[in-house]
Structure formats: structure tokens, C-alpha cells
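1. dropping the sequence and predicted coords here.
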Amino acid sequence: MTNEQTLILIKPDGMKRGLMGEVMMAFESAKLKLVAAKVVKVEESLAKRHYAMHEGKPFYERLINFIQGKKYGENRILALIYEGEDAVKVSRAIVGATDPEKAEPWTIRGKYGRRTTDGEIENVVHASGTPMEAKNEISLWFKNDEIWKI
Ligand code: ATP
Ligand code: MG
């Protein structure tokens, strides 16, 4: 068990639908500690850096547009950092599988995510996939002095 931090983003679909409280409640129930939070307007350059690993994939362009909120005219994102034992793995379990149709029904994506008729995945939240990813993503979204030191 290691003490870790992980990046959680409530994506534009979650913001538009007012699911912020619901999402945060799930992390609180898992005893993860909130150490940073801010509402961010996602610019194209940040969207591209955040999803750089998916560049060239068939869903890339739509993903970059979606995370900027272009689809619903909602460009706020709530960026959160949670800290705790195995925070990355625990958070991924809370969030559920990428494809909402495959996500367990008690996970955030299982409850609230959807796949649109044109094949787009709207899955409400982002959670870092690995501790290394978490470190990189946290430095993209937050300055050091915006993060609470436990
Ligand atoms: P995220 O990084 O957003 O937390 P994830 O780590 O579960 O999601 P990734 O493989 O990193 O999944 O994919 C990033 C995002 O790209 C997904 O959240 C989803 O919106 C989109 N995506 C991934 N795979 C597909 C796919 N096969 N078809 C359509 N969209 C996809
Ligand atoms: Mg990912």
C-alpha cells in the first residue's frame, strides 16, 4: 500500500448534468482526502496535452472537442486531486470501466455514463490510470501551491 495522489476531472457532461456533488460523495465514502479543487475552462492546448497518449486514434478529435465542452456549450471542468492509500487504483474502481455499457452498475460511469448513437463515450469523469500518469496529469492541471500538503 502506498500513499498516492490522483487526478479526477468532472467532465463537461457531468458539469452540465449537475453531478458534481454525486461524484465527490463517492470519493468521500472511500475515505480519500480532497487536497485540491478548482473549476477550469479547458483550452485546446491543455486538452491536447492531457489526452496526448490518444493522438491518432479514431476517437481523438471528438475527445478533444468533448473535453473542451464544445458539444454541450459547457466548458467548465471541475479538477480535483484526491490523496490516500492506493488512491489511483481505488479511484479507478469507483469510476468504473471506460465504456459505460461495460462499467459495473454501482460505479459512477455505470450509473451515469452513456455511449451515444454515433459511438461517442460520455463517461462523466476522468481518473488517472496509473501513478505515473497521475503525477504527469497533476502537474498539467495544478500548480504546486494549489495543492494542500497533508
Ligand atoms: P479517461 O482517461 O477519460 O479517464 P479511461 O482512462 O477510462 O478514460 P482511456 O483509454 O484513457 O480511458 O480513454 C480516454 C477517453 O477516450 C475515454 O474516457 C473515452 O471518452 C474516450 N474513448 C476511449 N476509448 C474509446 C472508444 N473505443 N470509442 C470512443 N471513445 C473512446
Ligand atoms: Mg485514461
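-> Everything's here; your move. Ligands and ions are numbered 1, 2, ... in the order given.

2. and the residue nearest the centre of the protein?
-> Residue closest to the mean C-alpha point of the chain, counted by C-alpha atoms, centre = their mean, is residue 126 at 1.8 Å.

3. list the contacts for that residue?
-> Neighbouring residues of residue 126 by C-beta atoms under 8 Å, 6 or more residues apart in numbering: 7-9, 11. In short, each C-beta sits where N, CA and C put it, glycine included.

4. can I get these in JSON lines with neighbour count and pLDDT?
-> Shown next, in JSON lines, are the contacts of residue 126 (neighbours: other C-beta atoms under 10 Å; pLDDT from 0 to 100):
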{"residue": "7", "neighbour count": "26", "pLDDT": "99"}
{"residue": "8", "neighbour count": "27", "pLDDT": "99"}
{"residue": "9", "neighbour count": "23", "pLDDT": "98"}
{"residue": "11", "neighbour count": "23", "pLDDT": "98"}
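
5. wait, which of those residues is closest to residue 130?
-> Nearest to residue 130, judged by C-beta to C-beta, of those is residue 7 at 11.4 Å.

6. any idea how far the helix or strand hosting that closest one is from the chain center?
-> Element membership for residue 7, per DSSP states H and E: strand 3-10. Centroid displacement of strand 3-10 relative to its chain, using C-alpha atoms, centre = their mean, to the nearest Å, is 8 Å.

7. same question, stretch 31-40
-> On the basis of C-alpha atoms, centre = their mean, stretch 31-40 sits 12 Å off its chain's mean C-alpha point.

8. please identify the buried residues of it?
-> Neighbour-count burial for stretch 31-40 flags 32, 35-37 (criterion: 16 or more other C-beta atoms under 10 Å).

9. so what touches that stretch?
-> Here stretch 31-40 has contacts from 5, 24, 27-28, 46, 76-84, 87, 90-91, 141-142, 146-150, using C-beta under 8 Å, 6+ apart.

10. now swap in stretch 99-113 and tell me
-> Contacting residues not belonging to stretch 99-113 are listed as 14, 17, 19, 22-23, 26, 93-98, 114-115, 121-125 [C-beta under 8 Å, 6+ apart].
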